[in-house]
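Q: give the three-dimensional model of this entry:
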Amino acid sequence: MRIILAPMEGVVDYEMRDVLTQIGGYDRCVTEFVRVTENNLLPNRVYRRFSPELANGGMTPAGVPVYLQLLGGNPKSMALNAAKAQKLEPPGIDINFGCPSKTVNKSDGGSVLLKEPSRIGAIVGAVRDAVDPKIPVTAKIRLGFSNHDFLEEVVDNIINAGANEVCIHARTREDGYKPPAYWSSVKQVADKSPIPVIINGEIWTPEDAKLAKEQSGCTDIMLGRSAMRCPDLALIIKADQDAQPHQALAWLEVLEIVLRYLHNSENRHPNFVSNRSKQWLVFLQKRYPEAAALFQRIKRLKVADEVFTEITAYLKTVD
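A: Model prediction:
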């Protein structure tokens, strides 16, 4: 079983990929999406900004490959940008057909394209034709926009266009991120697919991973929000699969990881540390109740130095 780290926009950036792959368990990552608009050929600095790993052979410091993800609705523009990006030698190029953002959808990108299976096939085919055969081209989709009616056609078109893999978030765009995920709805396409189909959505525990694979017919999984709630979840799932013991990370170990991430990222912009620390603590408190208390201590802080000072003070109370 492979475990892939999801391309969560505004969450899983370069530093987060570094942190989570250093912990271990991941076989691949995907960048946040690079937005491709009509007649827009992006400069190399944009691809490098989204994937600093390109300077390291497309690998995280821990040696995990990172696919570059593109998002757009124009086959020609997507192909031109893929052809340019491939010269930087990413391990693979992924195409986003799953983003549920209204802003993205209104701009002809993401899950709105699931309404047009033929256009999805055209985009994947154009990118596949533009990219060296040795570079995998993959796609990420949802079950559909408002229903599952086009799922089989969408997947068939992706396969026929020459994609190497497809990942399916087992909810529609209208479902958003509300539970449940409909893993069993993927089985009809996974069972007959000649390429790997990866299941994504609501996989929070080893038990969920087993059930998602069983119900979907998929061998591999993708983790998103659950990786933020439980930073060593990929290791836990693999240890469970292999019937091997795994000592889960304790709260103070996780907090040390959070601090390292924040220090590595603090030069992004003035409010980055404040915003990202609160965001991650909200995820973490579902598994680590201690995170809720720390969140209360920093929730009104905006300056990075204040956040670091308060976390340091908190650590003195729990040592």
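
Q: rest of the way, CA atoms for contacts and neighbours
A: Noted.

Q: quickly list the domain ranges of this protein.
A: 3-241, 251-318 (automatic domain parsing).

Q: what's the most buried one of those domains?
A: Of these, the one with the most neighbours on average (mean count of other CA atoms under 10 Å) is domain 3-241, at a mean of 20.

Q: end to end on that one, go ahead and measure it.
A: Start-to-end span of domain 3-241 (CA to CA, to the nearest Å) is 12 Å.

Q: average pLDDT across it?
A: Averaging pLDDT along domain 3-241 yields 97.

Q: gap between it and the chain center?
A: Distance, stretch centre to chain centre, for domain 3-241: 7 Å (CA atoms, centre = their mean, to the nearest Å).

Q: cool, stretch 303-319 as well?
A: With CA atoms, centre = their mean, you get 30 Å for stretch 303-319.

Q: need the CA coordinates for that stretch. PDB is fine.
A: Listed next in PDB are the C-alpha coordinates belonging to stretch 303-319 (Å, rounded to 0.1, in the frame of the first residue of the first chain):
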ATOM      1  CA  VAL A 303       2.800  38.900  15.900                       C
ATOM      2  CA  ALA A 304       5.100  36.000  15.400                       C
ATOM      3  CA  ASP A 305       7.300  36.900  18.400                       C
ATOM      4  CA  GLU A 306       4.300  37.000  20.700                       C
ATOM      5  CA  VAL A 307       3.200  33.600  19.500                       C
ATOM      6  CA  PHE A 308       6.600  32.100  20.100                       C
ATOM      7  CA  THR A 309       6.800  33.700  23.500                       C
ATOM      8  CA  GLU A 310       3.400  32.400  24.600                       C
ATOM      9  CA  ILE A 311       4.300  28.800  23.400                       C
ATOM     10  CA  THR A 312       7.500  29.000  25.300                       C
ATOM     11  CA  ALA A 313       5.700  30.100  28.400                       C
ATOM     12  CA  TYR A 314       3.200  27.300  27.900                       C
ATOM     13  CA  LEU A 315       6.000  24.700  27.600                       C
ATOM     14  CA  LYS A 316       7.300  25.800  31.000                       C
ATOM     15  CA  THR A 317       3.900  24.900  32.600                       C
ATOM     16  CA  VAL A 318       3.900  21.400  31.200                       C
ATOM     17  CA  ASP A 319       7.500  20.300  31.500                       C
END
